[in-house]
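**Q** attaching a predicted model along with its sequence, questions to come.
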Amino acid sequence: MKRRALLGLSGAVLSGLAGCSTGATDSSGAPKRVATGPAGGCQSKITAQQYPDPPSTLTEERVVEFVKRYERAQIINQSAGDHGSLSVRITVESVSQTDDGWLIQLGGGMSQEGCGDGNSYVSDGIVAAHYFVNETAVYRADTFAETAGDPRQNGTKVA
């Protein structure tokens, strides 16, 4: 029974990796690659996104929508040019209005499928960012390994 399980697993692994290399070589002797893979993910490149402009009028709804769109562009642009596909899910963890602006904490996840160096891959990650937005500036901080703080102190001015 163990042998059958091993053979079944081997077949599944080989099927998952099939399609990224043709076995043929180009004029330099390097392997030629075919753009195929999981769910057709290797047939297209991830396209960079434009960052949105901050809202001209600050309301909770406009600020939340802005930081969600900004974070989505941030994540997509980190993978721009890769062969594959990327899905991003962003959730709003908290929103607080302060005396001088808005503090927003985002969470969520991302998943990427693609091909690189002749191999298929799938990678997952989390979204954890904290923003401060007011009429004059936008600050962003990664909050993966820490609790939400003030992005003006531990983050980067992004707009």
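**A** Perfect, thanks for sending it.

**Q** show me what the biggest helix by length in the chain is packed up against.
**A** Longest helix in the chain by number of residues (criterion: DSSP state H): helix 60-78. In terms of contacts (3 or more C-beta pairs under 8 Å, 6 or more residues apart in numbering; DSSP states H and E), helix 60-78 is packed against strand 84-97, strand 102-116, strand 119-133, strand 138-142. For the C-beta atoms, the positions are set from N, CA and C on the backbone; glycine is no exception.

**Q** now it - C-alpha only, CSV.
**A** Output in CSV follows, covering the C-alpha atoms of helix 60-78 (Å, rounded to 0.1, in the frame of the first residue of the first chain):
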residue,chain,number,x,y,z
GLU,A,60,-14.2,57.6,7.1
GLU,A,61,-15.5,56.0,3.9
ARG,A,62,-13.2,57.8,1.6
VAL,A,63,-10.1,57.3,3.8
VAL,A,64,-10.8,53.5,4.2
GLU,A,65,-11.4,53.1,0.4
PHE,A,66,-8.2,55.0,-0.4
VAL,A,67,-5.9,52.9,2.0
LYS,A,68,-7.5,49.6,0.7
ARG,A,69,-6.7,50.6,-2.9
TYR,A,70,-3.2,51.9,-2.0
GLU,A,71,-2.4,48.6,-0.1
ARG,A,72,-3.7,46.5,-3.1
ALA,A,73,-1.4,48.5,-5.4
GLN,A,74,1.5,48.1,-3.0
ILE,A,75,1.2,44.3,-2.9
ILE,A,76,0.6,44.0,-6.7
ASN,A,77,3.6,46.2,-7.5
GLN,A,78,5.9,44.1,-5.4
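
**Q** quick one: that helix to strand 138-142, angle?
**A** 60 degrees (axes from the mean of the first three to the mean of the last three C-alpha atoms, to 10 degrees).

**Q** tell me the average confidence for helix 60-78?
**A** Computed over helix 60-78, the mean pLDDT rounds to 96.

**Q** one more: stretch 129-146?
**A** For stretch 129-146, mean pLDDT rounds to 88.

**Q** list the buried residues of the longest helix of the chain.
**A** 63-64, 66-76 (16 or more other C-beta atoms under 10 Å).

**Q** what's the angle from that helix to strand 102-116?
**A** Going by the same axes, to 10 degrees, helix 60-78 makes 30 degrees with strand 102-116.

**Q** off-centre distance for helix 60-78?
**A** In terms of C-alpha atoms, centre = their mean, to the nearest Å, the centre of helix 60-78 is found 12 Å from the chain centre.
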